[in-house]
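[1] make a model of this:
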Amino acid sequence: MPYVDVKIGKLSADQKRAIAKDIADSLYRVAGKPKPSTYISFTEYDRDSFAKGEELLSDLDKKQK
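    Numbers count the residues shown, from 1 in each chain. Sure thing, here's the model as predicted:
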């Protein structure tokens with residue numbers, strides 16, 4: 001049973017469906033893993049949930065504008 005954890009910014013339900021399909025297809029094609037036994041979780045993060053060094057990514061985004 002493959003388990004894939006996708007950590008990413010905010011996604012729509014349609015985007016998650018498309019990504020899940022691609023991941024399940026790839027695991028089946030490359031590793032022979034049955035699609036129904038593949039579990040995929042999405043962990044969504046805002047840019048202020050991460051820092052590079054001592055600065056939040058959301059603050060770095062503001063500086064670049």
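
[2] tell me, how many residues neighbour Thr38?
    When counting by other C-beta atoms under 10 Å, one arrives at 19 neighbours for Thr38. From N, CA and C alone the C-beta is placed, and that goes for glycine too.

[3] longest helix in this protein, please.
    Ranked by residue count under DSSP state H, the longest helix found in the chain is helix 13-31.

[4] what's the average pLDDT for that helix?
    For helix 13-31, the mean pLDDT works out to 98.

[5] same question, stretch 45-57
    For stretch 45-57, the mean pLDDT works out to 92.

[6] show me what counts as buried in that stretch.
    Applying a neighbour-count criterion of 16 or more other C-beta atoms under 10 Å, one finds 56-57 buried in stretch 45-57.

[7] pull the longest helix of the chain out as CSV, backbone CA atoms only.
    Written as CSV, here are the backbone C-alpha positions of helix 13-31 (Å, rounded to 0.1, in the frame of the first residue of the first chain):
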residue,chain,number,x,y,z
ALA,A,13,-10.5,20.2,-5.2
ASP,A,14,-10.1,19.9,-9.0
GLN,A,15,-6.4,20.4,-8.7
LYS,A,16,-6.1,17.8,-6.0
ARG,A,17,-8.1,15.3,-8.1
ALA,A,18,-5.8,15.9,-11.1
ILE,A,19,-2.6,15.5,-9.0
ALA,A,20,-4.0,12.4,-7.2
LYS,A,21,-4.8,10.8,-10.6
ASP,A,22,-1.3,11.6,-11.9
ILE,A,23,0.4,10.1,-8.8
ALA,A,24,-1.7,7.0,-8.8
ASP,A,25,-1.1,6.5,-12.6
SER,A,26,2.6,6.9,-12.1
LEU,A,27,2.9,4.5,-9.2
TYR,A,28,0.9,1.9,-11.3
ARG,A,29,2.9,2.5,-14.4
VAL,A,30,6.4,2.6,-12.8
ALA,A,31,6.0,0.3,-9.8
